[in-house]
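Chemist: one predicted model, sequence on top.
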Amino acid sequence: MLILTMALLAAAPQAAPAPDHSKGIPSSNPRADAKATIAVESARAAERQADAAKAAKAAGIEVRDGDILVLARDKKGDPLQGANVKAFGATQAVDSAVVGPVARVYKRKVPSPIRSGIHNFLYNLKEPVVFLNFLLQFKPGKAAETAGRFVINSTVGVAGVFDFAKRKPFRLPRRANGFADTLGYHGVKNGPFLFLPIVGPTTVRDLFGGFVDRLILPVTVGHPFTSATYTAPLGVLGALDHRADFDETLEVLHDGSVDPYTASREFYLRRRQAEIDHLHGRDPVTPPPVVRTLPVVEPVATIPAEPVPAEPVPMPETVTP
């Protein structure tokens, strides 16, 4: 049972890369991002329903109050949507049954200082990858700060368990970065959106970038990063840390949306674009104001509304003199 749980945790669904910047964050509140995504998608769905009603009217199809219009999902940027939706459903079933409850127990039972130490240790291991990618993005200043963080936290911070680099007198912020960000920074597009059972939401570009990132330490350092006895528990800890960290965000995306798959996809793509924009020094695009957020139902066909029979009006009694 323990081995099965560890394997499922390693395959835990990812909401999005979890940047943990200290300043200059494209978005520091993923839960608020998730709510904004749902609001925007609800407004877009309402607009699509209104457009469908106009198209039906233009085609001479009578649409009466109470009719339910069929709405097809937009497959732009998501040509593999059919397979993605199935993978999303299967992953969410496993997450609801096993991974989510384990992550919540971890978050509730393990003291916060211990969880914070694990979180810091895991992120410290990523600093060499962050450093290399800042060099590839021609940002030597941020690369130097990242190298300084790694040296300070690996020594004074006891292998990264304590993040002393962000405190006085150093004040070196933690920044997330990876080869997928480098590709995006240099203009490589996302490619099709993918939802994979082990990886979670990603794109062709991000999948390839993540693969390259995972090769850096094994290729450059070797042991212990080439040993499964080290990397497997590390992967489980990383998945558990990430899932616990994003628990509230996933709850908003999955339980607060009429279409959890679309909400998760748009949340992921928006945050990834915000991170690329941040590397270019651009402010993230603010979602348009939401005027209405109406739930949308997607049945198989247009269903005419059934007329409601009028109640008989009682006649006054006739009194015979």
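Modeler: Structure's in. What do you need? Numbering: from 1, shown residues only.
Chemist: where do the helices sit along the stretch 151-300 of the chain?
Modeler: 179-185, 204-220, 228-245, 247-255, 260-279 (DSSP state H, counting those that start in this stretch).
Chemist: what comes up buried for the fourth one?
Modeler: Within helix 247-255, the residues scored as buried using 16 or more other C-beta atoms under 10 Å are D247, T249, L250, V252, L253, H254. From N, CA and C alone the C-beta is placed, and that goes for glycine too.
Chemist: same deal with the third one?
Modeler: For helix 228-245, the neighbour count (16+ other C-beta under 10 Å) marks 231, 234-245 as buried.
Chemist: what do you get for stretch 271-286?
Modeler: R271, R272, Q273, A274, E275, I276, D277, H278, L279, P284.
Chemist: now those as JSON lines including distance to T202 and pLDDT?
Modeler: Output for the buried residues of stretch 271-286, formatted as JSON lines (distance: C-beta to C-beta, whole Å; pLDDT from 0 to 100):
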{"residue": "R271", "distance to T202": "12", "pLDDT": "94"}
{"residue": "R272", "distance to T202": "9", "pLDDT": "95"}
{"residue": "Q273", "distance to T202": "14", "pLDDT": "94"}
{"residue": "A274", "distance to T202": "16", "pLDDT": "94"}
{"residue": "E275", "distance to T202": "14", "pLDDT": "95"}
{"residue": "I276", "distance to T202": "15", "pLDDT": "96"}
{"residue": "D277", "distance to T202": "19", "pLDDT": "96"}
{"residue": "H278", "distance to T202": "19", "pLDDT": "94"}
{"residue": "L279", "distance to T202": "19", "pLDDT": "95"}
{"residue": "P284", "distance to T202": "20", "pLDDT": "61"}
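Chemist: if we can go back for a sec, adding distance to N84, write the helices of the stretch 151-300 of the chain out as JSON lines.
Modeler: Below are these laid out as JSON lines (distance: least, C-beta to C-beta, whole Å):
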{"stretch": "helix 179-185", "distance to N84": "18"}
{"stretch": "helix 204-220", "distance to N84": "13"}
{"stretch": "helix 228-245", "distance to N84": "20"}
{"stretch": "helix 247-255", "distance to N84": "15"}
{"stretch": "helix 260-279", "distance to N84": "7"}
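Chemist: and the strands in the protein, which stretches?
Modeler: In the chain, the strands defined using DSSP state E lie at 193-196, 200-203.
Chemist: what's the mean pLDDT across the first one?
Modeler: The predicted model gives strand 193-196 an average pLDDT of 95.
Chemist: buried ones in stretch 152-172?
Modeler: So, applying 16+ other C-beta under 10 Å, buried residues of stretch 152-172: 152-154, 157, 160-166, 170, 172.
Chemist: in a markdown table: those, plus distance to N133 and pLDDT.
Modeler: Formatted as a markdown table, those follow (distance: C-beta to C-beta, whole Å; pLDDT from 0 to 100):
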| residue | distance to N133 | pLDDT |
| --- | --- | --- |
| I152 | 20 | 97 |
| N153 | 18 | 97 |
| S154 | 19 | 96 |
| G157 | 22 | 95 |
| G160 | 18 | 95 |
| V161 | 24 | 96 |
| F162 | 24 | 96 |
| D163 | 20 | 96 |
| F164 | 23 | 96 |
| A165 | 18 | 96 |
| K166 | 20 | 95 |
| F170 | 21 | 95 |
| L172 | 17 | 96 |
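Chemist: list just the nearest of the residues you listed to G178.
Modeler: The closest of the buried residues of stretch 152-172 to G178 turns out to be G160 (C-beta to C-beta; 17.7 Å).
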